[in-house]
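Trainee: need coordinates for the below:
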Amino acid sequence: MAARRGDIILDLRGLRCPQPVLRAKKALRGMPKGGVLVLEITDPMTVIDVPLFARQTGHPLVEQTRHGDLYVFKLVKAAPGLGKNVSSAASLAAAFRSRLTQPCSPAFLQLFFHWDEAMNIQDTRLTSLAHGGGCGCKLAPSVLQELLAGQPQTARYERLLVGVETGDDAAVWQLNDGTCVISTTDFFMPVVDDPHDFGRIAATNALSDIYAMGGTPIMALAILGMPIGKIAMETVRKILEGGASTCAEAGIPVAGGHSIDAPEPIYGLAVTGTCHRDDIRRNADARPGDAIILAKPLGVGIYSAALKKGVLSQAGYAEMIATTTLLNRVGAKLAKDTAVHAMTDVTGFGILGHALEMARGSKLSIVLQAGAMPFLSQARTLAETGCVTGASARNWASYADSVAFRADIPQWQNDLLTDPQTSGGLLISCAQDRAESIARGLIEEGYEAARIIGFCEPGTPAIAVEA
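Mentor: Purely as a prediction, here's the structure:
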């Protein structure tokens, strides 16, 4: 954009928000009415702030252009008090059009409400903006153990009933009356391209931690990181709407949140829930002789890999969305059943990883029956054709030493046992004589894939896999 004689040019390249807007505000104070201020900006967050600043203060934004990473804006010094009397960007521009040598660009009128269109940001597949997706983004179990080793212990807090000791799903703090507060956070990068579906999946996954502890969620805070300048604002809006719709389904508000400019899209929730102390279900209270039940089918990671490769059918996508957006709210009901001894949910570490956490926390061995596992309908075919995530291999490398196979199983089945699940099902340890009725109850509640998949036995904490 060529500056005209008399224009004041501010070279704000390299400055980060909020410095560019603060300097623009100072410059405008010393300018005569009708003067033109040209802002040269490279900070993507300020690209959002400038139109908002213009609208709030009444200084019309009359032109804007983009040259690679450089954004150039033209503001006109308004008459005192104009911003209070003019309610829209269009009327602001009209008020000053007669004073300008050149008329307002038609594109600028869209800037306040569709800045991504004005900046020529093209629609982009969400999954292409991230190096991983869903719970497959989680650090490998071995890496997480190494990072947490030597961290301060939480046992000295008497009211902290559940902390980091057994890698449980959420923290639990007891209040004075026996009521407990459950707190968790979960977020990840896109596992699907549809922004509304991404928001729903991420919210369902975060809420699951509360249900897995036996609690009921009461409110959530949004966690948002977006690559400003690479993703349309309407896309971000749909992500947030998707998350809010799932929270509404759960009967809770999204009461606030925090957002940052991030190199890759990230969305999730920090969720607060409650339960009575007697209803807490940890992952460390399984008992020898217990049956193990899984409430949702495995294969979400396989499906997400197929989606990225463009080989997942429409029916497969619908099946994936159905399972990943099914709330694990039945956890709160199960917690009131004394026959249910322990619970967790199966997410990024796969069924083997989360069963191993339960075995270690409970100081026993868990036997899983590969032939009893519920799988998504296309999971085997897709696994056999190589639609396997990198997280699956990382998972296996992390816990292979603690898994023994009592029978030969095909590679596709091994891949599904290590497959990272996003918004997976509850893993339940319950009394053997109640297992059949609990599994039937899960099916009646809408968890049609619920199956008894194994049992607990005394022994060194480990996983054994039978055919």
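Trainee: for the stretch 351-467 of the chain, just list every one of the strands.
Mentor: 365-369, 403-405, 426-430, 451-457, 462-466 (DSSP state E, counting those that start in this stretch).
Trainee: pick the most deeply packed of the ones you listed.
Mentor: strand 426-430 (a mean of 28; mean count of other Cβ atoms under 10 Å). For the C-beta atoms, the positions are set from N, CA and C on the backbone; glycine is no exception.
Trainee: name the helices or strands packed onto it?
Mentor: For strand 426-430, the packing partners by 3 or more Cβ pairs under 8 Å, 6 or more residues apart in numbering; DSSP states H and E come out as helix 195-212, strand 291-294, helix 330-334, strand 340-345, helix 350-362.
Trainee: recalculate using a threshold of 10 Å.
Mentor: In terms of contacts (3 or more Cβ pairs under 10 Å, 6 or more residues apart in numbering; DSSP states H and E), strand 426-430 is packed against helix 195-212, strand 291-294, helix 330-334, strand 340-345, helix 350-362, helix 435-444, strand 451-457.
Trainee: so what strands line up beside it?
Mentor: Paired neighbours of strand 426-430 in the sheet (DSSP bridges): strand 291-294 (antiparallel), strand 340-345 (antiparallel).
Trainee: among the ones you listed, which is nearest residue 16?
Mentor: strand 340-345 (39.0 Å; Cβ to Cβ).
Trainee: hey, C-alpha coordinates of that closest one in PDB?
Mentor: These are the backbone C-alpha positions of strand 340-345, laid out as PDB (Å, rounded to 0.1, in the frame of the first residue of the first chain):
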ATOM      1  CA  VAL A 340     -18.300 -52.000  40.800                       C
ATOM      2  CA  HIS A 341     -14.800 -51.800  42.400                       C
ATOM      3  CA  ALA A 342     -12.700 -49.800  39.900                       C
ATOM      4  CA  MET A 343     -13.100 -47.700  36.800                       C
ATOM      5  CA  THR A 344     -11.100 -45.800  34.200                       C
ATOM      6  CA  ASP A 345     -11.600 -44.800  30.600                       C
END
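Trainee: and it with strand 451-457, angle?
Mentor: Angle, strand 340-345 to strand 451-457, by axes from the mean of the first three to the mean of the last three Cα atoms, to 10 degrees: 120 degrees.
Trainee: make 687 the starting number, not 1.
Mentor: Renumbered: residue one is now 687, and that last one reads strand 1026-1031.
Trainee: so which elements touch the helix or strand harbouring residue 759?
Mentor: Taking DSSP states H and E as the criterion, residue 759 maps to strand 756-762. Here strand 756-762 touches strand 694-697, helix 705-715, strand 722-727, helix 730-743, strand 747-753, helix 775-783, going by 3+ Cβ pairs under 10 Å, 6+ apart.
Trainee: in the shortest one, what's buried?
Mentor: Of the residues in strand 694-697, those buried under the neighbour-count criterion (16 or more other Cβ atoms under 10 Å) are 694, 696.
Trainee: for that strand, the averaged confidence score.
Mentor: The average pLDDT within strand 694-697 is 88.
Trainee: verify the stated contact: residue 962 with residue 858.
Mentor: No: judged on Cβ atoms under 10 Å, residue 962 makes no contact with residue 858 at a distance of 11.0 Å.
Trainee: on that earlier part again, can you tell me which of the helices and strands packed on strand 756-762 is nearest to residue 989?
Mentor: helix 730-743 (33.0 Å).
Trainee: how far off centre is the closest one?
Mentor: Between the centre of helix 730-743 and the centre of its chain there are 28 Å (Cα atoms, centre = their mean, to the nearest Å).
Trainee: packing partners of it?
Mentor: Where contact means 3+ Cβ pairs under 10 Å, 6+ apart, helix 730-743 is packed against helix 705-715, strand 722-727, strand 747-753, strand 756-762, helix 768-771, helix 775-783, helix 801-804, strand 940-947.
Trainee: ok, and what's touching the first one?
Mentor: In this case it means helix 705-715. 694-696, 698-701, 704, 721, 723, 725-729, 731-733, 735-736, 738-740, 743, 745, 757, 759, 761-764 (Cβ atoms under 10 Å, 6 or more residues apart in numbering).
Trainee: now, of those residues, which are buried?
Mentor: The neighbour count (16+ other Cβ under 10 Å) marks 694, 696, 698, 701, 721, 723, 725-729, 731-733, 735-736, 739-740, 743, 745, 757, 759, 761-764 as buried among those.
Trainee: any idea which helix or strand in the protein has the lowest mean pLDDT?
Mentor: Across the helices and strands of the chain, mean pLDDT, DSSP states H and E gives its lowest value to helix 775-783, namely a mean of 39.
Trainee: so which of the helices and strands packed on strand 756-762 gets nearest residue 915?
Mentor: That would be helix 730-743 among these, by Cβ to Cβ, at 4.2 Å.
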